[in-house]
Structures are given as C-alpha cells and as structure tokens.
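> Attaching a predicted model along with its sequence, questions to come.
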Amino acid sequence: MDGARSPSDLADAASARGWNALALADSNNFHALPELVDAASAKGIKALAAASVETGGSSFRAYCLDSRGFARLGAILTRALAVEVPRRRLHLPPELLAEESAGETGELSDGEAPVPRPRAPAAPAARRGGDAGYDPIADLREGGWEGLALASADPAVLGRLAGGGRLYAALPLGSPQEGTARAARELKLPLLAEEPARFVESADAELWALARAIEERRTLAAIEGGPVLPGGTAMPGGTAMPRRASRRWPRPR
C-alpha cells in the first residue's frame, strides 16, 4: 500500500471492502502499528505487525506470526536503521549538517556542562557487509526467523533465504513476474499473490493511473484503475483480487 493517509483511513477502507486481516508494511519501521492495531480492532479486523525491510541492497517484507517474530523483526529494523539513518544524513544540505554538528553536545543552560547526545548503536560487526553496511539477509541466515513469514519478489533474496524458514515468492499482480516465478519453481517455494493498493485523492486518479502505467510498464488503456472509494482509496475487494490473480498467474511449465 503506497500513500500517505492514516492507518485509521486504511482500516476504514479495508472494512468497507470486507477484509478480515490487515498488515501495514512500512519501510524499515513499526511507527504506524499502534494506530493500526486500535483502528483495525475497532472494525473487527485482525492487525498484523509487518515491515518492508529495505537496506543493504535487499528488499523483502516480514510478517510477524507471534511475539518471537515481533522481537526478531524489531531487532533487524533497529540494526538496519542504525546504518541507514546516518547514511541518509549524507544527502542533507551541508548547512544543515553543519548546524547539527555544532549542536552535537545538546543545549546548554547557565552553569551546566555540555551533555552528549545519544547515538544509535552500530550494527554487530559480524553482520556488516563491508561498505554495503548491515546485511539483513546474513543476519536472518545466521539467526533464523522463527515467528516470521518472509516474502520477496527478488530472485537473489529468495535464493539466499531458501531453506531457512517460512518464505514466499511474492508476485505483484501487473508487474513482470517471470524471474520470480522461475526462482520459485527452482527453489520449490510457495507463491504469494500481491495486489498493489494505493491511497489517492479522487482528483489525482488520472495521475495515479499514469504513475501505475509507468511503474508496471503498461499502457494507460491496459491499467485497471479500480474504484476510488470515499476517503480517497483505490483498493481491491470482494472477488477482484482472485479474479486478477487467475488471469495473471504464471502458467506452469
């Protein structure tokens, strides 16, 4: 789900479409989880803790099946952010970095000594990938992922993780799938159909369709726009996703 609307809006839209479970996989964080849990519970929907792990050149989604999985994913996200946040600071304007550097010791009051600001802990040295920084795949291979279900459309990620735990080859509907499907066959992995859904304002529907056509490398005429629901959502519902999956699922060979 791409977009900027609140988890409460997401839960409302999911309820209107008849969904019984909902996961919000933000990039490298759990920030929206508390609001999602409250909003989904109010609608009688099961909220799943999840995150999209994107660091070290790897990209996959992790879904928590129990408290062990939540703790494991939390540790992975903490290590990923310890590397990614300082890296992203390199793209800040030089004047802003200079201001931050000048204020590294925090604010002073009259007669008080400077107090150093806490810094994020570094990722374990054994799990650093040289210049690439933290490697979550190496971490998972070393420590396992009990209590988690992982999904990725990247054949390289699937190849590195295969055989270590619960893993799915993700096939985003409408996107090129042959490489992922081939990897799934070779590695004997189960498939997971994914329907991209986005929060968009009704007034932005045409721009959203254009962006989707570019992302999926298709013509505007071939894009299934889907309904834009009250509240500005475009989400599949009812039999829409199974119908689309049956048309686009890779044929067995």
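Nice, thanks for sending it over. Residues are numbered from 1 along each chain as shown.

> And for the residue nearest to residue 73 when sequence neighbours are not counted, the neighbour number?
Closest residue in space to residue 73, ignoring its immediate chain neighbours: residue 62 at 5.0 Å, by CB to CB, 6 or more residues apart in numbering. Every C-beta, even on glycine, is put in place using the N, C-alpha and C of the backbone. Other residues lying near residue 62 total 26 when counted by other CB atoms under 10 Å.

> list the contacts for residue 62?
Counting by CB atoms under 8 Å, 6 or more residues apart in numbering, residue 62 touches 25, 50-51, 53, 69, 73, 76, 145, 148-150.

> Surely it is within a strand?
Yes: assessed by DSSP: H, G, I helix; E, B strand; the rest coil, residue 62 belongs to a strand.

> Mind pulling up the pLDDT for it?
Note on residue 62: pLDDT of 96.

> so how far is the first residue of stretch 13-24 from its last?
Terminal residues of stretch 13-24 lie 13 Å apart, using CA to CA, to the nearest Å.

> The nearest residue to residue 6 once chain neighbours are set aside in helix, strand or coil?
Spatially, and ignoring its direct neighbours in sequence, residue 6 is nearest to residue 35 (6.8 Å; CB to CB, 6+ apart). With three-state DSSP as the basis, residue 35 sits in helix.

> buried ones in stretch 28-38?
28, 30, 32-33, 35-37 (16 or more other CB atoms under 10 Å).

> Show me what it is in contact with.
6-8, 10-11, 22, 24, 26, 47, 49, 51-55, 74, 77, 80-81, 84.

> and it, average pLDDT?
92.

> Straight-line length of it, end to end?
21 Å.

> change the start of the numbering to 89 and stick with it
In the new count, where the first residue is 89, that last one comes out as stretch 116-126.

> can you tell me how far the residue nearest to residue 161 sits from residue 239?
8 Å (CB to CB, to the nearest Å).

> Ok, residue 293 next?
29 Å.

> out of those two, which sits in the more crowded spot?
Shown here are residue 293 and residue 239; by other CB under 10 Å, residue 239 has more neighbours (24 against 15).

> which stretches of this protein have low pLDDT?
89-93, 173-220, 261-264, 283-292, 303, 312-341 (pLDDT under 70).

> for the biggest helix by length in it, packing partners?
Determined from DSSP state H, the single longest helix within the chain is helix 155-177. Contact here means 3 or more CB pairs under 8 Å, 6 or more residues apart in numbering; DSSP states H and E; on that basis helix 155-177 packs against strand 138-143, strand 146-152, helix 224-231, strand 236-240.
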